[in-house]
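>>> how would this look folded up:
(chains A and B)
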Number of protein chains: 2
Amino acid sequence: MKIGIAGLGLIGGSLALALRDRHEVTGYDNDERARGAAKADGIRIATHLDDLVPADVVLVATPLSAIVPTLEQLAAHSDGAVLLDTGSLKRAVADYAAGRAPAGARIVGGHPMAGTTSAGFSAADPGLFRGRAFLLVPTARSDDGAMAVAGTVAREVGAVVTVCSADVHDRAMARLVAGPLAAAAALAVAGAQAEPLLGAAGPGFRDSTRLADTPADLAAELLFGNGADAAAAIGSIIEGLTQLRDAVERGDRDYARSFLQAARSVRSELS
Amino acid sequence: MKIGIAGLGLIGGSLALALRDRHEVTGYDNDERARGAAKADGIRIATHLDDLVPADVVLVATPLSAIVPTLEQLAAHSDGAVLLDTGSLKRAVADYAAGRAPAGARIVGGHPMAGTTSAGFSAADPGLFRGRAFLLVPTARSDDGAMAVAGTVAREVGAVVTVCSADVHDRAMARLVAGPLAAAAALAVAGAQAEPLLGAAGPGFRDSTRLADTPADLAAELLFGNGADAAAAIGSIIEGLTQLRDAVERGDRDYARSFLQAARSVRSELS
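This next block holds a predicted model:
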């Protein structure tokens, strides 16, 4: 296929590296350094975003806030190309497709559940998506052929496809991404009170707080881009912690054990 | 040195494997299978706990609730052997040393900041302590020679020694261990509401909830063995999450960014 990639950061760069051997891949990034780094790594670079079409599919892997504007610009002359974004929230894309998108546009929402707290093309890795979920969200501008193309891209980077609605997606992500991010930040701030032993922290504390290293812009988008769901998810975590604290205060080991057992059974559902 | 090890689970087993090449190591465990597994791996096994002395040092790596009883039994005839425990809470050991311990006993509190959510000798690994902190807590029954022996053991397993009081230790551990454990459990339980997408969870959610796999007995000890500090630590996490949730609800990105920045600066203090 002829594949365009808009945005050559961690996700777009990793997609480019994973797909370039089997497809005709062209990338573009607003940032000159990102273009230079990708070019140095052998990725063909377009001079303008618009030059990514004509193509079979254009992957839109810009920062979250730029996704709809980028889709908009591409959809104006996409000429049958499937537009598949990779952002971590999907309602805005679904709303755009159902509303302002031109009649001929073919738009599929995508979200590869992979990433690190590193950013930029320098952190790109063709194996980033291997074995990970790649969520696909059909929009009002998705057709069967567009979904098939999106599925092919996801599978060819080694990911496992799951299809869901934008609402189900965004609510779930509040639980799986925004909540853990908030908890990591709260744990890190509370951990400061472990001084003078903070530096002695073991792997448990390090893993638990790793998401607090999420780049600030992405973290803000994950929390505020889906504010109502994120607030509800944080509320659920507060509720669980309050139950555990109350059990500790009243010496109720049975309750704490039941809670911990429930937590362990959720963990066992992660493949 | 002649080294006895009481308790051949993850920690005791790893200590035995790390020390046996350079020292005369003898292990003991109440559980016959643990003794058998260690013996099959070439560890010399004693028939009774009491047979671990005479020795230069006996490492007490039993479950937390058995540490003081084990110290008590060994101290009755320790004959100059340094008794160094490896439990994750230290006040009970310090209290025992300052109170009921016999006059001739030499007792040092120890806590290697290493571990996994696996348990038992089968998970033991001689490299478990490499580069990790090994906290040493002097007690009323510690002398300079005993501290030196404890330091030698810690350094020979590859760990980095930090000395602190039992109070400082236990308060810090509430922040670095009990709080993160409670948060992992609360996150996992809240994560169940991500269904039907729970199975799509990425590495962030998996790492954030890993501590929820802590064996139930150990988890209960970490929370209830130091209840007041653990409740206070959980309270601090609730407070941070409440601040973040309120910021999301009122759309206050500046506040959230400041909070996330504070969290990131704590992370940067972890070596």
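
>>> for the residue most central in space within chain A, give its distance to chain B.
Against the mean C-alpha coordinate of chain A, by C-alpha atoms, centre = their mean, the closest residue is residue A:88 at 3.5 Å. Distance of residue A:88 to chain B, given as C-beta to the nearest C-beta, to the nearest Å: 10 Å. Quick note: C-beta positions are derived from backbone N, CA and C, even for glycine.

>>> leaving aside the residues adjacent along the chain, what's closest to residue A:202?
residue B:113 (3.9 Å; C-beta to C-beta, 6 or more residues apart in numbering or on different chains).

>>> contacts only, for the one you found.
Counting by C-beta atoms under 8 Å, 6 or more residues apart in numbering or on different chains, residue B:113 touches A:200, A:201, A:202, B:132, B:133, B:134, B:135.

>>> hmm, try it at 10 Å
By C-beta atoms under 10 Å, 6 or more residues apart in numbering or on different chains, residue B:113 lies in contact with A:197, A:199-205, B:88, B:129, B:132-135, B:159-160, B:162, B:173, B:176-177.

>>> what does residue A:168 give?
Contacts of residue A:168 (C-beta under 10 Å, 6+ apart): A:90, A:135, A:137, B:194, B:195, B:196, B:197.

>>> which of the residues you listed fall within strands?
A:135, A:137 (DSSP state E).

>>> among the contacts of residue A:168, which ones are buried?
A:90, A:135, A:137, B:194, B:197 (16 or more other C-beta atoms under 10 Å in any protein chain shown).

>>> identify, from these, the entry nearest to residue A:105.
Proximity of the buried ones among the contacts of residue A:168 to residue A:105 (C-beta to C-beta) peaks at residue A:137, which lies at 15.1 Å.

>>> mind pulling up the pLDDT for the closest one?
As predicted, residue A:137 sits at a pLDDT of 98.

>>> quick one: contacts of stretch A:35-48?
Under the criterion C-beta under 10 Å, 6+ apart, residues A:4-6, A:8-9, A:12-13, A:16-17, A:20, A:24-29, A:31, A:34, A:51-53, A:73, A:120-122, A:124 lie in contact with stretch A:35-48.

>>> alpha carbons of that stretch, as CSV, please.
The C-alpha trace of stretch A:35-48 is given here as CSV (Å, rounded to 0.1, in the frame of the first residue of the first chain):
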residue,chain,number,x,y,z
ARG,A,35,11.7,15.3,9.7
GLY,A,36,15.5,15.3,9.7
ALA,A,37,15.8,12.4,12.2
ALA,A,38,13.3,10.3,10.3
LYS,A,39,15.0,11.0,7.0
ALA,A,40,18.4,10.1,8.5
ASP,A,41,16.8,6.8,9.4
GLY,A,42,15.7,6.2,5.8
ILE,A,43,12.1,7.3,6.0
ARG,A,44,10.9,9.1,2.8
ILE,A,45,9.8,12.6,3.8
ALA,A,46,7.2,14.8,2.2
THR,A,47,7.6,18.6,1.9
HIS,A,48,4.1,19.4,2.9
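
>>> all the helices of the stretch 51-200 of chain A, in order from the start?
Taking DSSP state H, counting those that start in this stretch as the test, the helices found in the stretch 51-200 of chain A are A:67-75, A:91-98, A:144-156, A:166-173, A:179-191.

>>> pick the most deeply packed of these.
helix A:179-191 (a mean of 30; mean count of other C-beta atoms under 10 Å in any protein chain shown).

>>> tell me what it is packed against?
helix A:203-209, helix A:216-224, helix A:227-249, helix B:179-191, helix B:203-209, helix B:227-249, helix B:253-268 (3 or more C-beta pairs under 10 Å, 6 or more residues apart in numbering or on different chains; DSSP states H and E).

>>> any quick PyMOL command for the buried ones out of the contacts of residue B:113?
In PyMOL, selecting the buried portion of those, with burial taken from 16+ other C-beta under 10 Å, looks like this:
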select buried, (chain A and resi 197+200+201+202+204+205) or (chain B and resi 88+129+132+133+134+135+159+160+162+173+176+177)
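
>>> any regions of the stretch 1-150 of chain A where pLDDT drops low?
Low-confidence segments of the stretch 1-150 of chain A (pLDDT under 70): A:116-117.

>>> residues of it that sit close to chain B?
Contact residues (C-beta under 10 Å from any C-beta of the partner chain) of the stretch 1-150 of chain A with chain B: A:88, A:111, A:112, A:113, A:114, A:115, A:116, A:117, A:132, A:133, A:134, A:135.

>>> which of those fall in strands?
Residues of those located in strands (DSSP E): A:111, A:112, A:133, A:134, A:135.

>>> what about the closest residue in space to residue A:181 that isn't next to it in sequence, neighbour count?
Distances taken as C-beta to C-beta, 6+ apart place residue A:211 nearest to residue A:181, at 4.8 Å, with adjacent residues excluded. Number of residues near residue A:211 (other C-beta atoms under 10 Å in any protein chain shown) recorded here: 28.

>>> who touches residue A:211 in this structure?
Counting by C-beta under 10 Å, 6+ apart, residue A:211 has contacts A:117, A:177-185, A:187-188, A:219, A:222, B:203-205, B:207-208, B:263, B:267.

>>> re earlier: distance to residue B:248 added to the ones in strands among the residues of the stretch 1-150 of chain A next to chain B, as a markdown table?
Formatted as a markdown table, those follow (distance: C-beta to C-beta, whole Å):
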| residue | distance to residue B:248 |
| --- | --- |
| A:111 | 21 |
| A:112 | 25 |
| A:133 | 25 |
| A:134 | 27 |
| A:135 | 23 |
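
>>> related to what we said a few turns ago, with distance to residue B:60 added, can I get the helices of the stretch 51-200 of chain A in TSV?
Output for the helices of the stretch 51-200 of chain A, formatted as TSV (distance: least, C-beta to C-beta, whole Å):
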stretch	distance to residue B:60
helix A:67-75	57
helix A:91-98	56
helix A:144-156	53
helix A:166-173	46
helix A:179-191	28
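
>>> mind checking which of the ones you listed is nearest residue B:150?
Across the helices of the stretch 51-200 of chain A, closest to residue B:150 is helix A:179-191 (C-beta to C-beta), at 26.1 Å.

>>> quick one: the closest one to helix B:253-268, angle?
Counting by axes from the mean of the first three to the mean of the last three C-alpha atoms, to 10 degrees, helix A:179-191 points 60 degrees away from the direction of helix B:253-268.

>>> gap between helix A:179-191 and the chain center?
Relative to the chain's own centre, helix A:179-191 is displaced by 19 Å; criterion: C-alpha atoms, centre = their mean, to the nearest Å.

>>> dump the C-alpha coordinates for it into PDB.
Taking C-alpha atoms only, helix A:179-191 is exported to PDB below (Å, rounded to 0.1, in the frame of the first residue of the first chain):
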ATOM      1  CA  GLY A 179      -6.700   7.300  36.400                       C
ATOM      2  CA  PRO A 180      -3.400   5.500  36.600                       C
ATOM      3  CA  LEU A 181      -1.600   8.700  35.500                       C
ATOM      4  CA  ALA A 182      -3.300  10.700  38.300                       C
ATOM      5  CA  ALA A 183      -2.500   8.000  40.800                       C
ATOM      6  CA  ALA A 184       1.200   7.900  39.800                       C
ATOM      7  CA  ALA A 185       1.400  11.700  40.300                       C
ATOM      8  CA  ALA A 186      -0.300  11.500  43.700                       C
ATOM      9  CA  LEU A 187       1.900   8.600  44.800                       C
ATOM     10  CA  ALA A 188       5.000  10.500  43.700                       C
ATOM     11  CA  VAL A 189       4.000  13.600  45.600                       C
ATOM     12  CA  ALA A 190       3.100  11.600  48.700                       C
ATOM     13  CA  GLY A 191       6.400   9.700  48.300                       C
END
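
>>> what is the mean pLDDT for it?
For helix A:179-191, the per-residue pLDDT averages 97.

>>> now stretch A:226-236
97.

>>> and the residue in the stretch 1-150 of chain A that chain B sits nearest to, what are its bridge partners?
Residue nearest to chain B within the stretch 1-150 of chain A (C-beta to the nearest C-beta): residue A:133, separated by 3.5 Å. For residue A:133, the beta-bridge partners are residue A:160 (DSSP bridges).
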